[in-house]
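[1] sequence unavailable; structure follows:
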């Protein structure tokens, strides 16, 4: 009997990568240090995170902090399933790499070969430029934001393609710059689907998830689909006032992935084993993009490759609504940290580094350089200026953009211009910088016709440049 008990105890304590207990640890005294990192989310009245540490093919730490459902008091465990946001991109890149390996897709192919709906400017965009965010395509999340729409609504890939087809231009010449674009990865998923003749979510399931034994991971392209053990997303948190912020998503490619800690370990290990695709494909996902001028990028295939202190690292984060996610790998140590959170207050970039520091010790630290902050004026940025009402009146009116299918109404109130969209609850005040105005992350540059009358303005907003709004009325 004693021997049987000892054998059972040994089996329970052995490192496991396939099945996780509600809170399991094989890293000794380091566990309490990780607990301290997540203490602020450990209460059952707070959303929180599921954390996994993977070392040399095993899960050495897996634990949940906080609640997966505040309404029902369900705790987060390592089995909890989270929306992973842009962590999805590395899986989309793998799907593209497998389609290339199968001879169904070309790295240098023009995307218009698969997406003839796009305007002629897409002839110059290569598949590789979607992978490395060098296509110049305007980001659809930003386009939705400009129009005043919520980016977590149930838009599917078909709608993203239609939205992209309405664009009259690019942010820049393909390959000239790096600018993160969710549009690129959503279109990449559609390209894989058309190149392989298989629905993208099914292709990823058959080619990646099932072969790796990732039993819960999937691209969520049907909002009605039930997800067992799903953690709901939450925002807010001030004075404990949490609000539900769970996206309704049917897109796949740039995001759309649901997963848990156990499945992420199996994915992470494939970069060492090459079980799916072989080592050639796994290594290809770590190949950085290159601009037209030959400058290499930090962005590879759905992954960012860089250094932290003296170590090479591979990582990617993700966010949408109340969800936050991150995978952080240190290849030379065969060590990774995976983080899945259902709170918008989680800074995953900091958290994964804090956990990695605990696991790898004091030698794993960032090297920083000292430097003071300067005020905007010291950098030569334009400063706000007051404009007489007679001048402001020349801008007032209604403007429309077919590219985002939105109407902007410009009016005057209290000696300042205000912007109102159809979806806004209240107008936003515009800060004057000469012929340019800015508000809520938007920069509006007004332009005049040959008679000197203001007839349109151009909107720039981070990942989108050059959206034209034509004047409808004064």
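    On my side now, so go ahead. The shown structure was predicted, so the numbers you read here are calculated from the model rather than taken from an experiment.
[2] and stretch 162-170, how far out from the chain middle?
    How far stretch 162-170 lies from its chain's middle: 21 Å, per C-alpha atoms, centre = their mean, to the nearest Å.
[3] what of stretch 343-361?
    That offset, for stretch 343-361, works out to 17 Å (C-alpha atoms, centre = their mean).
[4] so for that stretch, what gets flagged as buried?
    Using 16 or more other C-beta atoms under 10 Å as the burial criterion, the residues of stretch 343-361 that qualify are 343-346, 348, 351-360. Bear in mind the C-beta positions are built from the backbone N, C-alpha and C, glycine included.
[5] go on, stretch 214-225?
    214, 216-221.
[6] equivalent analysis for stretch 402-422, please.
    For stretch 402-422, burial by neighbour count (16+ other C-beta under 10 Å) applies to 403-404, 406-411, 416-421.
[7] which of those residues sit farthest apart?
    Spanning the widest gap among the buried residues of stretch 402-422 are 403 and 416, at 26.8 Å by C-beta to C-beta.
[8] before we move on, back to that, closest one to residue 461 out of the buried residues of stretch 343-361, please.
    Residue 461 lies nearest to residue 344 out of the buried residues of stretch 343-361, by C-beta to C-beta, at 20.9 Å.
[9] for that closest one, what are its contacts?
    233-237, 245, 319, 321-322, 324 (C-beta atoms under 8 Å, 6 or more residues apart in numbering).
[10] minimum pLDDT in these, which residue is that?
    The pLDDT minimum for the contacts of residue 344 sits at residue 237, where the score is 74.
[11] quick check: phi and psi on that one?
    phi 100, psi -10 (degrees, to the nearest 10).
[12] can you map out the helices along this protein?
    Counting by DSSP state H, the chain has helices at residues 2-13, 30-37, 89-101, 127-131, 140-146, 157-165, 182-196, 200-204, 210-212, 261-273, 278-284, 348-360, 389-392.
[13] least confident of those, on average?
    Here these differ in mean pLDDT, and the lowest is helix 2-13 at a mean of 37.
[14] once you drop chain neighbours, what's closest to the residue most central in space within the chain?
    Centre of the chain computed as the mean C-alpha position; nearest residue by C-alpha atoms, centre = their mean is residue 86, 3.0 Å away. The spatially closest residue to residue 86, leaving aside those adjacent along the chain, is residue 318, at 3.9 Å (C-beta to C-beta, 6 or more residues apart in numbering).
[15] show me which pair in the buried residues of stretch 343-361 is furthest apart.
    The most widely separated members of those, counting by C-beta to C-beta, are 344 and 360 (28.1 Å).
[16] what about the nearest residue to residue 92 once chain neighbours are set aside, neighbour count?
    Among residues not flanking residue 92 along the chain, residue 253 sits closest, at 4.8 Å (C-beta to C-beta, 6+ apart). Neighbours of residue 253 under the rule other C-beta atoms under 10 Å: 34.
[17] what's the answer for residue 32, then?
    Other residues within reach of residue 32, judged by other C-beta under 10 Å, total 10.
[18] what does the one 3 residues further on give?
    Residue 35 is flanked by 15 other residues according to other C-beta under 10 Å.
[19] and residue 448, what does it touch?
    Neighbours of residue 448 in contact, by C-beta under 8 Å, 6+ apart: 454-455.
[20] recalculate using a threshold of 6 Å.
    residue 454 (C-beta atoms under 6 Å, 6 or more residues apart in numbering).
[21] now it: how far from residue 394?
    9 Å (C-beta to C-beta, to the nearest Å).
[22] mutual contacts of those two, please.
    With C-beta under 6 Å, 6+ apart, residue 448 and residue 394 have common neighbours residue 454.
[23] okay, buried residues for whichever strand in the chain runs longest please.
    As assigned by DSSP state E, the longest strand anywhere in the chain is strand 311-320. Buried residues in strand 311-320, counted by 16+ other C-beta under 10 Å: 311, 313-320.
[24] quick one: which of those residues is nearest residue 44?
    For those, the nearest to residue 44 is residue 319 (23.8 Å; C-beta to C-beta).
[25] what's the burial count for residue 248?
    For residue 248, using other C-beta under 10 Å, the count is 12.
[26] against residue 232, how distant is it?
    Taking C-beta to C-beta, one finds residue 248 at 12 Å from residue 232.
[27] tell me the domain ranges of this protein?
    83-360, 385-473 (automatic domain parsing).
[28] most tightly packed of those?
    domain 83-360 (a mean of 20; mean count of other C-beta atoms under 10 Å).
[29] how long is it end to end?
    Length of domain 83-360, first residue to last, C-alpha to C-alpha, to the nearest Å: 28 Å.
[30] ok, now stretch 448-462?
    Terminal-residue distance, stretch 448-462 (C-alpha to C-alpha): 24 Å.
[31] and which of the contacts of residue 344 is nearest to residue 269?
    Closest to residue 269, out of all of the contacts of residue 344 and judged by C-beta to C-beta, is residue 324, at 23.1 Å.
[32] so that closest one touches residue 341, yeah?
    Yes - assessed by C-beta atoms under 6 Å, residue 324 is found in contact with residue 341 at 4.2 Å.
[33] need the residues touching each of those two.
    Common neighbours of residue 324 and residue 341 (C-beta under 6 Å, 6+ apart) do not exist.
[34] start to end distance for stretch 104-114?
    Start to finish, the residues bounding stretch 104-114 are 11 Å apart (C-alpha to C-alpha).
[35] got the contact list for that stretch?
    Against stretch 104-114 from outside (C-beta under 6 Å, 6+ apart): 99, 118, 122-123, 125-128, 191, 194-196.
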